[in-house]
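# take this sequence and fold it.
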Amino acid sequence: MSTTVEAIYEHGTLVLPKPLPLPEKSRVRVTIEDADAERDEWLKHSAAGLLKTWDNPADDIFNDLLAQ
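The predicted model follows:
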């Protein structure tokens with residue numbers, strides 16, 4: 001089973017917003033991922049999409065019209 005939860009790191013301890021539905025003494029594997037890493041990934045993909053949309057040869061037509 002795999003479950004993703006967010007936590008806050010305070011004074012050397014991960015604090016969960018609510019208890020997990022696990023038996024006491026359950027062994028789990030914890031993967032630490034900076035919450036901003038996902039945001040940075042979205043921004044990277046957004047920037048790539050914007051470049052494809054706005055930086056293309058068809059824009060040269062509008063630049064030529066503006067120059068006249």
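
# who touches the longest helix along the chain?
The longest helix of the chain (DSSP state H) is helix 35-54. Applying Cβ atoms under 8 Å, 6 or more residues apart in numbering, the external contacts of helix 35-54 come out as residue 6. Every C-beta, even on glycine, is put in place using the N, C-alpha and C of the backbone.

# name the next helix or strand downstream of it, please.
Sequence order places helix 59-67 as the next helix or strand after helix 35-54, per DSSP states H and E.

# list the buried residues in that following helix.
By neighbour count with 16 or more other Cβ atoms under 10 Å, helix 59-67 contains no buried residues.

# against residue 4, how distant is the residue sitting nearest the centre point of the chain?
By Cα atoms, centre = their mean, the chain has its centre lying nearest to residue 38, at 1.7 Å. Per Cβ to Cβ, to the nearest Å, residue 38 is found 11 Å from residue 4.

# cool, and residue 63?
Separation of residue 63 from residue 4 (Cβ to Cβ) stands at 46 Å.

# ditto for residue 15
16 Å.

# the more surrounded of the two?
Remark: of residue 15 and residue 4, residue 15 carries more neighbours, 9 against 6, as counted by other Cβ atoms under 10 Å.
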